[in-house]
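J.: need a structure here:
(chains A and B)
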There are 2 protein chains.
Amino acid sequence: MTNLAQPTYLEFPLKTWWAERTDWVEKALDECFPEDAEYLGNVGEMMRYCLFSGGKRFRPILSFGAAECLGKSGRIAMAAACAYEMIHCFSLAHDDLPCMDDDDLRRGKPTAHKMFGEAGALLAGDGLSIWAFHKISELPEGVPPEVGLQLVQDLAVASGHPGMVGGQVIDMAAQQGSVTQEMLEAVHRAKTGALITGAVRAGAMLAGATADQLEKFTEYGRAVGLVFQLTDDILDADEDPDGVSFVSLLGIDETKRLVKESTQIALDSLSEFGRAADPLRALAVFLEDRKG
Amino acid sequence: MTNLAQPTYLEFPLKTWWAERTDWVEKALDECFPEDAEYLGNVGEMMRYCLFSGGKRFRPILSFGAAECLGKSGRIAMAAACAYEMIHCFSLAHDDLPCMDDDDLRRGKPTAHKMFGEAGALLAGDGLSIWAFHKISELPEGVPPEVGLQLVQDLAVASGHPGMVGGQVIDMAAQQGSVTQEMLEAVHRAKTGALITGAVRAGAMLAGATADQLEKFTEYGRAVGLVFQLTDDILDADEDPDGVSFVSLLGIDETKRLVKESTQIALDSLSEFGRAADPLRALAVFLEDRKG
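T.: This next block holds a predicted model:
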C-alpha cells in the first residue's frame, strides 16, 4: 500500500519552513554587521545594503536543509549559510557594475553602484567577499577545526577562479562568440552551480556528514543547481528571446525535459535519507515548477 | 666593549637575504597559478599578470623574517607569504580601476584594466582575493588546524572592512573633506598598516609564536607599517606637494622625526629575540632610509 501513497515530501510545508529559516539567516547576517556598530566610513552601511536587498536566501536554505537531512538542527549550518549568502551578494554588487552587466535596478531597488557610486559598490563587494571567509571559519561547538579548514577551501573553490569567478570570465568570452551546449553547461556549473553545490555541502559538513553522504549531497547540489539555471532560462525566455540560453540553444521542450530529468536525479540522490530529507526534496520539486 | 661595537644588524646582508626570499615566494606563487594549467577562460592569465608585476614582495619578506626570528626556516611561513601578497596584488588591481584611482600605468607597465578591460581587472582581483584564503588554510605539516582558522580570521580582519577595505572607504571620504593627523593615521593604519602587521603576525604564528611573542610582532608590524607610509609620503612630497599626506599636514621635519621614532619602536619590539631578529631589524632601518 505504501507504494501507492503520495510521497510525504509533496505534503511538506515548504513555504513556512523556508520563511522561518529566512528569519534565522537574516537575524544572523544582521549580527555580522550591526547597524549601530562603529565602522570605518560608511562601509558597514554599503555592505548591509548589498546584503539586505530582498533576496530569497536560496543558498542558506540549502545549507539548513542539508544539515536537517542528517537529523541535526539547521542552525548548526549558520556559519555556512551566512558565508555563502555573503558571496552571493558580493557577486551581485560586482555583476551590476557598469563594466559588467550595467544594471540600475535589482528587485525594483537601485543597485549598489547607483546608491553609493562605482567605487562604493566595488569596495562593499570586496568587503563581503572577504568577510565570508571569516564567517565560515567561526565553527559551532563540537565541530573539529579540520572541518573548518575544509569549509574555507571549499568556499574558495566554489567562489573563486575554479568556480563562480572563473564562470563569469568564460561567460564574458562566450558573449562574444558562438556557444555550444557544453560551453553553456560549463559556464553555469561554474557561475551559479558551484556556489549552490558548495552551500549544500557546507551545511552537510557542519552536521557531520560522512564522505559517502557528502557525495550524495554533491550530486543533489549539482542537480538542483542545473534545475535552477534551466528554469531561470525558461522564465527569462519571454523577456530576452535572443540571449544565449538553454532555451535558445535547445528549444523549450528539450529544456523542460532536462528540468524533469535533473529533478529526478536530485530526488534519487536523497533516497537513503528518509523523511528528514523531505525539505530538500520539496525544494527540488518547488524549483522544477517555479514561476519566479 | 660590546656596548661600543656596531650593532650586528647594521652589517646584515639584507639585499641578498631579500633577493633569495623573493625567489622563494615567486616560485610558490607561480605554482599556485601554473601557466600551463587549464583555466576557465583567461582568468589564470589575468591573475598572473596582477601577481607578477615587479613588486618588491615586502609583505612576504615580513612573514619570512618573523618566522626566522623564532629560529625556524622562513619557508614555514610560505602560505602566509603567498596569501598576503595575493591580497596586496588584488588591492592594486582594484585601486587602479577608473572608478578608483584611474591609473594607466603601474611600475611602467599597463595596469590590469588597460590590459584586460575593467571587467577583467575586477574579476582577476576578485579571484586573487578569494584564493588568498585557500592558500592561507594550506598548513605545513605540524601546524595545528586551530592556528589555520586563526590565520584565516586574521587575514579577513586585516584585508576586509575592519582593515584595508575599510581604510579605502574612509580614504575616499577623506579626499572630499578636511583631514586631521588622527584621520590620516587611521586611514593608513587600516589601508596599508593592517596588511603589513598581518603579514608579520601570520609568519610568526606559523612558526609557533607564543601569545607574548605575537604581541611583540604586532608592535613591530604597526611601527614598520607607519614608517613605510611616512617615507612613502616623503618620497611623494616632491611629485604631489598639494595632496593630503603626513608631509603636507605636519611638515617635512616633523614627519622625519616620526620616522625616527617609529623605527626605534620597531627595533625595541625585537629586543628579546637575539641575532635571529637581525633580518627584521635591518629591514626597519632600510625602510627608515629608503630612497624608493
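
J.: show me the contacts for A:Leu92.
T.: A:50, A:53, A:106 (Cβ atoms under 8 Å, 6 or more residues apart in numbering or on different chains). Heads up, the C-betas are built off the backbone N, CA and C, glycines and all.

J.: Of these - the most surrounded one?
T.: Among the contacts of A:Leu92, A:Cys50 has the most neighbours (other Cβ atoms under 10 Å in any protein chain shown), with 27 neighbours.

J.: Look up the pLDDT of it for me, please.
T.: Note for A:Cys50: predicted pLDDT of 97.

J.: which other helices and strands contact whichever helix or strand it is part of?
T.: Taking DSSP states H and E as the definition, A:Cys50 sits inside helix A:43-51. Under the contact criterion of 3 or more Cβ pairs under 8 Å, 6 or more residues apart in numbering or on different chains; DSSP states H and E, helix A:43-51 touches helix A:78-95, helix A:112-136, helix B:164-174.

J.: so how far is that helix off the chain centroid?
T.: Centroid separation for helix A:43-51 versus its chain: 19 Å, with Cα atoms, centre = their mean, to the nearest Å.

J.: What residues sit buried inside it?
T.: Neighbour counts over helix A:43-51 (16 or more other Cβ atoms under 10 Å in any protein chain shown) mark A:43-51 as buried.

J.: closest to B:Ser271 among the contacts of A:Leu92?
T.: Nearest to B:Ser271 among the contacts of A:Leu92: A:Cys50, at 45.9 Å, using Cβ to Cβ.

J.: How about the contacts made by the closest one?
T.: A:89-90, A:92-93, A:112, A:121, A:124-125, A:128.

J.: got the contact list for the nearest residue to A:Val169 once chain neighbours are set aside?
T.: Nearest non-adjacent residue to A:Val169, counting by Cβ to Cβ, 6 or more residues apart in numbering or on different chains: B:Gly41, 3.7 Å away. Contacts for B:Gly41 (Cβ under 8 Å, 6+ apart) come out as A:166, A:169-170, A:172-173.

J.: Which strand or helix spans the residue nearest the centre of chain A?
T.: Centroid check for chain A by Cα atoms, centre = their mean gives A:Arg59 as the closest residue, at 3.4 Å. Using DSSP H and E, A:Arg59 maps to helix A:58-69.

J.: any idea which helix or strand carries A:Val187?
T.: Short version: A:Val187 belongs to helix A:181-188, going by DSSP H and E.

J.: Could I get the contacting residues of the closest residue to chain B within the stretch 151-292 of chain A?
T.: Per Cβ to the nearest Cβ, A:Gly166 is where the stretch 151-292 of chain A lies closest to chain B, at 3.1 Å. By Cβ under 8 Å, 6+ apart, the contact set of A:Gly166 is A:160, A:190, B:39-41, B:43, B:127.

J.: So which one of those is the model least confident about?
T.: Where pLDDT dips furthest among these: B:Leu40, at 73.

J.: hang on, isn't that residue packed against A:Ala173?
T.: No: applying Cβ atoms under 8 Å as the test, B:Leu40 and A:Ala173 come out as separate, 9.3 Å apart.

J.: Quick check on the two: which one has the bigger neighbour count.
T.: Higher neighbour count among B:Leu40 and A:Ala173: B:Leu40, with 24 against 16, using other Cβ under 10 Å.

J.: The more buried one - that's part of a helix, no?
T.: No: using DSSP: H, G, I helix; E, B strand; the rest coil, the assignment for B:Leu40 is coil, not a helix.

J.: Could you tell me which ranges of chain A sit under the pLDDT cut-off?
T.: Applying pLDDT under 70 to chain A picks out residues A:1-4, A:176, A:241-242.

J.: And stretch A:141-150, what's buried?
T.: By 16+ other Cβ under 10 Å, the buried positions in stretch A:141-150 come out as A:143, A:145, A:147-150.

J.: Could you export those residues as CSV, including secondary structure?
T.: Listed next are those as CSV, based on three-state DSSP:
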residue, secondary structure
A:Val143, coil
A:Pro145, helix
A:Val147, helix
A:Gly148, helix
A:Leu149, helix
A:Gln150, helix
